[in-house]
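# here is the input, now give the coordinates:
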Amino acid sequence: MNAVKTQETNLQPAGIGSFERNLTWWVLACIAVGIALGKIAPDAFHAIGGLKLAEVNLPVAVLIWLMIIPMLLKVDFSAMGEVFHHAKGIGVTLFINWLVKPFSMALLAWIFIRHLFADLLPADQLDSYIAGLILLAAAPCTAMVFVWSNLCKGEPTFTLSQVAINDTIMLFAFAPIVALLLGLSSIVVPWNTLFVSVLLFIVVPVIISQLLRKWLLAQGARTLEATLKTIQPFSLSALLLTLVLLFAFQGEQILAQPTVILLLSVPILIQVYFNALLAYWLNKKFKVAHCVAGPSALIGASNFFELAVATAIALFGFHSGAALATVVGVLIEVPVMLSIVSIVNRSRHWYEA
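So this is what the prediction gives:
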């Protein structure tokens, strides 16, 4: 099966350059630059941050296109039927996303926010913080997982299929799960945000990538390979620029409430690493190929922060603790997921042993 064929990978993807080898340092630099720019020119970044469609930031959406289209160019839709060979990997990811992640976050939020950190946080915001953390964990990521999958040499058809399945389940399961965990009788889900996100991050990039793939293949298979190699640096550059923007948008909040943000990040970090490692371990137990196990673990751990932020604002208000908690998820998403990519890449020999 081509879809699960083992690929030669060391600690880093083959052909990697000094830019990619030093990606961690670039990430740290972008975080610092983003915070500094947000402090120096807050009005400019407020204006950029305000360029939204249904709470989805359009400049960030364009950058995400630049990140995920190279991944989608690798997808051969004629081979999508092979995704049925990845049933175990899909099953593990669905188990983590819908039966483990929301409930583990609710437990961690109760332990840390309600008890361990209660005296260190504003008392009137504790329930709101917990709600924001639950919202963050209740929906799996839609767009960025293509980036993470690409960085760990994941199987493109599996990643696309898994995201499509999660998006379908999200339409029916997001509101009931959040309502159950928050104890609310009804949840106002910003369906326009969900629709626009799926349209911008799945439908449009798939159409663009497949049209471009068809045209490139008409010029010859080598043309497609050369194009993928050429645009790879642009994909990583878009990732880093996205990081600058995200931290610049929230630079003032980070500097104004560093302790709150640090404390809120603790349950998020534990939850992300727990879900990623559990999914990775389960895939190994089920003897799933590494090119599927990697993206499975990453999809299982990442969050749909656009939907979480929009829902928190709709339910609790822009300046609520819930909105701030979801924003913390935004801030740590990229650095944390890059660390999981590194773990997946470096542990391949253990996984295949």
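# please identify the buried residues of stretch 206-222?
Val206, Ser209, Arg213, Leu216 (16 or more other C-beta atoms under 10 Å). C-beta here means a position set from N, CA and C on the backbone, and glycine is covered the same way.
# what about the residue lying closest to the last one once chain neighbours are set aside, neighbour count?
What it means is Leu216. In this structure, Leu216 finds its nearest non-sequential neighbour in Leu224, 4.3 Å apart by C-beta to C-beta, 6 or more residues apart in numbering. Close neighbours of Leu224, defined as other C-beta atoms under 10 Å, add up to 19.
# pLDDT wise, what is Val4 at?
Per-residue confidence at Val4 stands at 37 (pLDDT).
# look up how far Gln232 lies from Val92.
Taking C-beta to C-beta, to the nearest Å as the criterion, Val92 is separated from Gln232 by 29 Å.
# over to Leu199?
Leu199 is 26 Å from Gln232, by C-beta to C-beta.
# more crowded one of those two?
When Leu199 and Gln232 are compared on other C-beta under 10 Å, the one with more neighbours turns out to be Gln232, at 18 against 13.
# what is the helix or strand encompassing Leu282 packed up against?
With secondary structure defined by DSSP states H and E, Leu282 is part of helix 258-285. Applying 3 or more C-beta pairs under 8 Å, 6 or more residues apart in numbering; DSSP states H and E, one finds that helix 258-285 makes contact with helix 87-95, helix 101-109, helix 126-137, helix 290-301, helix 321-346.
# tell me what angle the first one forms with helix 101-109.
Put simply, helix 87-95 runs at 40 degrees to helix 101-109, going by axes from the mean of the first three to the mean of the last three C-alpha atoms, to 10 degrees.
# please apply the same query to the fourth one.
For helix 290-301 against helix 101-109, the angle by the same axes, to 10 degrees is 50 degrees.
# how far does helix 290-301 sit from its chain's centre?
A distance of 12 Å separates the centroid of the chain from that of helix 290-301, by C-alpha atoms, centre = their mean, to the nearest Å.
# so which of the helices and strands packed on helix 258-285 is nearest Ala47?
Set against Ala47 and scored by C-beta to C-beta, the helices and strands packed on helix 258-285 come closest in helix 321-346, at 18.2 Å.
# so after the closest one, what's the next helix or strand?
Using DSSP H and E, the helix or strand that follows helix 321-346 towards the C-terminus is helix 348-352.
# single out the most deeply packed of the helices and strands packed on helix 258-285.
Among the helices and strands packed on helix 258-285, the stretch with the highest mean neighbour count (mean count of other C-beta atoms under 10 Å) is helix 290-301, at a mean of 30.
# which secondary structure elements does the helix or strand that it is followed by sit against?
Towards the C-terminus, the helix or strand next in line after helix 290-301, according to DSSP H and E, is helix 305-316. In terms of contacts (3+ C-beta pairs under 8 Å, 6+ apart), helix 305-316 is packed against helix 126-137, helix 156-182, helix 191-198, helix 321-346.
# what's the third one in contact with?
Pointing back at helix 191-198 there. If you take C-beta atoms under 8 Å, 6 or more residues apart in numbering as the criterion, helix 191-198 is touched by 53-56, 142-143, 167, 170-171, 174, 304, 306-307, 310-311.
# ok, those vs Leu264, which is closest?
Of all the contacts of helix 191-198, the one with the least separation from Leu264 (C-beta to C-beta) is Thr311, at 16.8 Å.
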